[in-house]
Structures are given as C-alpha cells and as structure tokens.
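> let me see the structure of the following:
(one chain, ligands or ions: 1)
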Amino acid sequence: MLRVAVIGTGYVGLTTAVCLASKGHHVTCVDIDKTKIAKIKSGEPMIHEEGLEPLLKRVLEESLLDATSNLEDALPKADISFICVGTPSLEDGSIDTSYIYSASKQIGSALVQRDGYHVVVVKSTVVPGTTDDIVVPNLRASGKKLGAEVGVCTNPEFLREGSSVQDFLNPANSGIVIGELDTRSGDLMVNLYRDFDAPILRTGIREAEMIKYARNAYLAKDISFANELANVCEVLELDYLRVKQGMELDSRIGKGRFLDAGLGYGGSCFKKDIRGLMSIASKYGIDMKLLRAVEEVNQGQPLRVIQLAKKFIGALQGKKISVLGLAFKPGTDDVRESRGIAVARAFLKEGSKVVGYDPLAMKNANLILDSIEYAKTIEAALEGSDLCVIATELEEFRNWELYDRIPIIDGRRVLPLDNIPKGVRLASIGFGKRPLPSSG
Ligand SMILES: NC(=O)c1ccc[n+]([C@@H]2O[C@H](COP(=O)([O-])OP(=O)(O)OC[C@H]3O[C@@H](n4cnc5c(N)ncnc54)[C@H](O)[C@@H]3O)[C@@H](O)[C@H]2O)c1
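Below is the predicted model:
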C-alpha cells in the first residue's frame, strides 16, 4: 500500500484518487475549492461519472480516502503526489500553466516537512518541457536532492469522461505511460500500478508529455476527416455511413476508429490540446497546418446544422428549436466545448427560440447559457417545436415515437434509418437526401 496525495480533484483528480484507493492505496484528495472537499468527504462527488459515487462511498467507509484543502496536511505523509490541476487554453492557444505553477510551488514548500523519498507526478496534460521548466524548479526550492530524495514523473491520463472509472480501472486498451526523471521514480510508479492489467511504457518526461498530445491530435484528426468526408457525401447525395462501412473493410483502417460523422468533437481536451500542440510547435517555427485544418473543420460542423435547418423549415427567426443533448457527450454532465451548446447558440443568433434538454447536464449548461429554456423531459422540450436537433448519441433519443411529426436533424446519426415511421421528416449530417422524403 502506498500513500498518495492527489492535488486537484476535478474529473481526472477525483477519478484517480477514488480508483487508486479502491486498489488499497491510501489517498488524500487536495483541492483549493473547499466545497469540493466537503462534498468528497460526504461521499457526494460534484461531477457525474458512472460508478464514481458508490466507489467513493466504499473507500471512505474503508478509511482509504480522505480530503483536505490544506496541502501541508497531506503531502508530508505521502509517498507520491499527483498534480491533476487544470491546464486551460490561453487566448493565443498556449496552455495556462498558472495552476501547475502554484500547485508545484506549494508541493515544493510542503516537501521540506517530508522525511523519506517522495515522487511528484504530473498527470495534468502539459506541453513538452512544462515539467522540466516549471515543476522541477519549484521542487528544487524545497532544498531536497532531485533523483535522491525527490523523484519526478509524468503520467498522462487517457480516461474518457462518461466512463472515467471504468477506463481508469481497466487501462488495457490505453496502456499506462510513465515518463521518468530517473529509474527509481519510475519504479515507484510501476509499483503503484502493480494491480492494473495493462502494458506500461516507460519514457523520458518530455516524451510522455508529448504522447498525450499525439494521441488526442490523432483522434481529433480522424473525426474531422470523417466530418469533411460526410459533408461531401451529403452534397453528392450519398449515405456516409455506407461509405464508412466500406472503409472499415480495409484492415489497415479497421473498425472502431474515430470515424463517426456529426457535429464534431467537444469536451475540454481535444480543442485545448490541439491548440496547445500547435502553439508549442509554432514557438519552434513549425506551423502544424494539418491540425489547424482539423480545428477549422470541427468549428464548422454546428453551423452546417443551421444550413440544413434553413433548407428544412425556411427562415429560423421566431421558430422554436429543441436541442436534445447539452453535455459534450452522453454519460457526463460536462458541458465544456459542448456541440449542443454551440448549436443552441447558433440558433439564438438566427433569432430562434431554443429549448434544451439533457438528463445530466442542464445545471452546468445553465451556468454558461442562460438565454435558452430548459425542459425537464424530452417530451416537454419537443412540445410545440418547429424543429429538433439531436446533439448527443443518447440511447433515449433513439425512439421514433418521441418526435411525432416534428422535423428532426439527427446530428449524431442515432436514429435507425431502416424503420422510419410514416410522416417523419429527417435530415442527418452525412446523409445526402435532405430532407429525407417523408414516407407518409
Ligand atoms: N477531463 C478529462 O477528460 C481529461 C482527460 C485526460 C486528461 N485531462 C487533463 O487533466 C487535467 C485536469 O483536468 P480536469 O478536467 O480534471 O480539470 P478540472 O477543471 O475538472 O479540475 C481541476 C481541479 O484542480 C483544482 N485546483 C486548481 N489549482 C489547485 C491547487 N493549487 N491546489 C489544489 N487544487 C487545485 C481546481 O479547484 C479543480 O477542482 C487537465 O490538464 C486536463 O487537460 C483531462
């Protein structure tokens, strides 16, 4: 059993803390947000992730997890500290490292009180060089000898929101990457993950930092490729899903790629990480043209809905539009960079009246968009609508009966096309016959 401090208890930090505690390690959560700490202590996470709450309650009962807003309480007793604070985008696309700076500075001060070896691990997504340039100098300030008394690692996180607990506990498909300052630091991390069944890759610190960006940029590139192709299929009156099936027959492409077309990617990571990677590359004179295009295509996808809507129901001024799905994906309450919100904003700009629905994310959506109405049920959202847009792949949207005769734009291709009921009017991204001729 190792003693771990997790600094920053948002989506990544809390999942990391609870999952490591469930493997028998003793974990202390640290956050500057006192409300979060009080909630964690009472067993009620402030974020929604499947399985998180029962697991949190269990590890609290087993006294394997506690929480504090005072790092000095936690760090001197810990063998490992994880930095899991946010690294949002700045205006110019570079990452805001101020949270990394202050967390590592606090760790540096608290390390003075630590007797014995301690490894500081950066789990936040940071561009190559951040750990060396920002974290390491703050740790040196402790007066401890790096490599002897204090170790340093980077351990990028690959969990997906909506299935974060499952992903963390079962990393076989994503692997575990450990960037290490020295062998001893890396060995302790391997020991921490000894009960996880996954390949472990040990690299240098900067390589591990880069691996996270490389993976997210690669996946985002696939999504934008799919969307661009789907847009072409649409104007050529082809069904992109058929084309995708044909692509997947090629074993070099294969199934399970990020080739679904629709409203584009949302969430806190892809856009931020692409911008972060482009920004660090441009500092060294490299213009990442491909990634610039990836982002451009993605930004354009919600606007395609407006074009489709105009073809479908004419002028949008004063029309009532229901947007189903406001989180950036199903199974989460996270609305950062949500496509549903982008679509809602685009309709508001056209003078439409927008009603939104999401089973988990309406509270968070309301914090960033209070100029739309929120409906308690799908039925209430659809009542009297001139048009409905499906913005996430939620199972509950897959029911034809809900829509009655309301025209639908299926932004995620969730509705089955093989049994379209009579009278339905449907348009989908990547489906050429627009609107689909009503079968009634
Ligand atoms: N969200 C994801 O799906 C995901 C996946 C992989 C990697 N990441 C990366 O992980 C990092 C964290 O992301 P997140 O979504 O969990 O962020 P978040 O915004 O949900 O949480 C960050 C937390 O850090 C806390 N914090 C800030 N400064 C602090 C300090 N000095 N001491 C203690 N706590 C502090 C904040 O109060 C907040 O609770 C980011 O770099 C992100 O890119 C996120």
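
> what does the stretch 251-400 of the chain put close to the ligand?
268-269 (Cβ under 6 Å from any ligand atom). (Glycine included, C-beta is placed from N, CA and C.)

> which ones are touching residue 114?
75-76, 78, 144 (Cβ atoms under 8 Å, 6 or more residues apart in numbering).

> what's the most distant pair in those residues?
78 and 144 (14.0 Å; Cβ to Cβ).

> between those two, which has more neighbouring residues?
More crowded of residue 78 and residue 144, by other Cβ atoms under 10 Å: residue 78, with 25 against 17.

> thought residue 28 was touching that one, still the case?
Yes - between residue 78 and residue 28 there is a contact under Cβ atoms under 8 Å: 6.8 Å.

> which residues touch residue 203?
Contacts for residue 203 were tallied using Cβ under 8 Å, 6+ apart; they are 177-180, 211.

> can you show me the strands along the protein?
Counting by DSSP state E, the chain has strands at residues 3-7, 26-30, 65-68, 80-83, 118-122, 150-154, 176-180, 200-203, 320-324, 353-357, 373-374, 387-390, 408-410, 426-428.

> read off the pLDDT value for the nearest residue to residue 24 once chain neighbours are set aside.
The shortest distance from residue 24 to any non-neighbouring residue, by Cβ to Cβ, 6 or more residues apart in numbering, is to residue 1 (5.4 Å). On pLDDT, residue 1 comes in at 93.

> now residue 1: how far from residue 285?
48 Å (Cβ to Cβ, to the nearest Å).

> how about the contacts made by residue 69?
30-34, 37.

> and residue 26, by the same measure?
1-4, 64-65.

> buried subset of these?
With burial judged by 16 or more other Cβ atoms under 10 Å, the buried subset of the contacts of residue 26 is 2, 4, 64-65.

> got a markdown table for those, with distance to residue 13 too?
Shown next, in a markdown table, are these (distance: Cβ to Cβ, whole Å):
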| residue | distance to residue 13 |
| --- | --- |
| 2 | 17 |
| 4 | 11 |
| 64 | 16 |
| 65 | 12 |
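
> rewinding a little: of the contacts of residue 114, which are in range of the ligand?
Okay, of those, nothing touches the ligand (Cβ under 6 Å from any ligand atom).

> the residues you listed into a markdown table, with extra columns for pLDDT?
Formatted as a markdown table, the contacts of residue 114 follow (pLDDT from 0 to 100):
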| residue | pLDDT |
| --- | --- |
| 75 | 94 |
| 76 | 93 |
| 78 | 97 |
| 144 | 95 |
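
> tell me, how many residues neighbour residue 306?
Residue 306, neighbours per other Cβ under 10 Å, totals 18.

> pull the longest helix from the chain.
The longest helix of the chain (DSSP state H) is helix 205-235.

> and the angle for that one with strand 118-122?
Using axes from the mean of the first three to the mean of the last three Cα atoms, to 10 degrees, the inter-axis angle of helix 205-235 relative to strand 118-122 is 20 degrees.

> and helix 205-235, which residues are buried?
Here helix 205-235 shows 205-206, 208-213, 216-217, 219-231, 233-234 as buried, counting by 16+ other Cβ under 10 Å.

> want to throw the buried ones among the contacts of residue 26 into CSV with distance to the ligand?
Formatted as CSV, those follow (distance: Cβ to the nearest ligand atom, whole Å):
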residue, distance to the ligand
2, 20
4, 14
64, 20
65, 16
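
> and these, which is closest to residue 54?
residue 65 (13.2 Å).

> who are the neighbours in contact with that closest one?
17-18, 21, 26-29, 40, 56, 59.

> quick one: pLDDT of it?
Residue 65 is given a pLDDT of 98.

> cool, and residue 235?
pLDDT at residue 235 comes out at 89.

> and for residue 439?
47.

> one more: residue 150?
pLDDT recorded at residue 150 is 97.

> against residue 184, how distant is the closest residue to it other than its chain neighbours?
Excluding its sequence neighbours, the residue lying closest to residue 150 (Cβ to Cβ, 6+ apart) is residue 144, at 4.5 Å. The gap separating residue 144 from residue 184 is 14 Å, by Cβ to Cβ.

> and the residue nearest to residue 330 when sequence neighbours are not counted, how many neighbours?
Nearest residue to residue 330, sequence neighbours excluded (Cβ to Cβ, 6+ apart): residue 394, at 4.7 Å. Residue 394 has 21 neighbouring residues, counting by other Cβ under 10 Å.

> got the contact list for residue 394?
Residue 394 makes contact with 324-325, 330, 359, 414, according to Cβ under 8 Å, 6+ apart.

> and what of residue 2?
Residue 2 neighbours (Cβ under 8 Å, 6+ apart): 25-26, 79-80, 188, 191-192.

> thinking again about what came up before, mean pLDDT for the strands of the chain: which is lowest?
Among those, strand 426-428 carries the lowest mean pLDDT, at a mean of 89.

> helices and strands around that one, which ones?
If contacts are counted by 3 or more Cβ pairs under 8 Å, 6 or more residues apart in numbering; DSSP states H and E, strand 426-428 sits against helix 289-313, strand 408-410.

> how far away is the closest residue to residue 208 other than its chain neighbours from residue 268?
Spatial nearest neighbour of residue 208, chain neighbours left out: residue 179 (2.6 Å); criterion: Cβ to Cβ, 6+ apart. Going from residue 179 to residue 268 by Cβ to Cβ gives 22 Å.

> same question, residue 250
Distance from residue 250 to residue 268, by Cβ to Cβ: 33 Å.

> these two: which has the busier surroundings?
residue 268 (21 against 8).

> go ahead and confirm the more buried one touches residue 338.
No - look at residue 268 against residue 338 with Cβ under 8 Å: they stay out of range, at 10.1 Å.

> joint contacts of the two?
With Cβ under 8 Å, 6+ apart as the test, residue 268 and residue 338 both reach residue 328.
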